[in-house]
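Student: Fold the stuff below for me.
(chains A and B)
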2 protein chains.
Amino acid sequence: MLQYKDGGLIPAVVQDADNGQVLMVGYMDAEAVRRTLEKRLVTFWSRSRREYWTKGETSGHVLELVEVRADCDGDALLVRARPHGPTCHTGEQSCFFEPLDPARIGDAAARSEHRQGGE
Amino acid sequence: MLQYKDGGLIPAVVQDADNGQVLMVGYMDAEAVRRTLEKRLVTFWSRSRREYWTKGETSGHVLELVEVRADCDGDALLVRARPHGPTCHTGEQSCFFEPLDPARIGDAAARSEHRQGGE
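Tutor: Take a look at the predicted model:
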């Protein structure tokens, strides 16, 4: 069985099935996985809006499903898809368009948080 | 600033920098990101063992860092790396070697969990 954590969700990495580019990471619950497979359009659970979200349903930039893969321990998904237009809301093909600026890593405060809190 | 959630962690997607294959998903806190950049070897926070984990430190199958990218809203990382050997503990190159078996998706119980719990 898939491992749904962190509020019943599993991370889903979306990869362009044709050129291998990693496009985005979203979150799915069991129903979002099921809708993705049925509609053949990648559908997430939006944590901020708290609703199902078929990527591109307003912009038309849908992610046409090719295949869903699970990892060896069933706690992450790889979704291979064909993007109809740019995936990122900025207009970039991929949401990962920026090298990480070391100033954004953060400090020791963030670091120690997970040791105090439960998981 | 990066968004560390779910116990101070950010998901990190590891991609083979040479052939584009998605190899695994792990989790990092700020210190793991820093260690990854300094040692040039991909280093996670292991949620199960509750310790830093430089991938391949015992097997020798390290992930040699090429580049870290952040996504547009700073809540996921893409780590491009050169794997020295198979990434998966099963001996497969990638942890995503299996198409998702629909029987593993789970039922409505998992689905409704995140509506009741907080995030």
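
Student: Below-threshold pLDDT in chain A: ranges please.
Tutor: Under the criterion pLDDT under 70, the flagged ranges of chain A are A:108-119.

Student: residue boundaries of the strands in it?
Tutor: A:10-16, A:22-28, A:43-46, A:51-54, A:63-70, A:77-83, A:98-99 (DSSP state E).

Student: what's around the residue of chain A found nearest chain B, how many residues?
Tutor: Proximity of chain A to chain B (CB to the nearest CB) peaks at residue A:20, 3.0 Å away. All C-beta spots, glycine's among them, are computed from the backbone N, C-alpha and C. Each residue near residue A:20 was counted by other CB atoms under 10 Å in any protein chain shown, and the total is 14.

Student: quick one, what contacts it?
Tutor: B:19, B:20, B:21 (CB atoms under 8 Å, 6 or more residues apart in numbering or on different chains).

Student: let's see it at 7 Å
Tutor: Going by CB atoms under 7 Å, 6 or more residues apart in numbering or on different chains, residue A:20 touches residue B:20.

Student: again, but for residue A:99
Tutor: B:67, B:69.

Student: Likewise for residue A:67?
Tutor: Counting by CB under 7 Å, 6+ apart, residue A:67 touches A:80, B:99.

Student: ok, now residue A:21?
Tutor: If you count contacts by CB under 7 Å, 6+ apart, then residue A:21 has A:15, A:93, A:94 around it.

Student: hang on, isn't the second one packed against residue A:84?
Tutor: No: no contact is recorded between residue A:93 and residue A:84 when judged using CB atoms under 7 Å, the distance being 11.8 Å.
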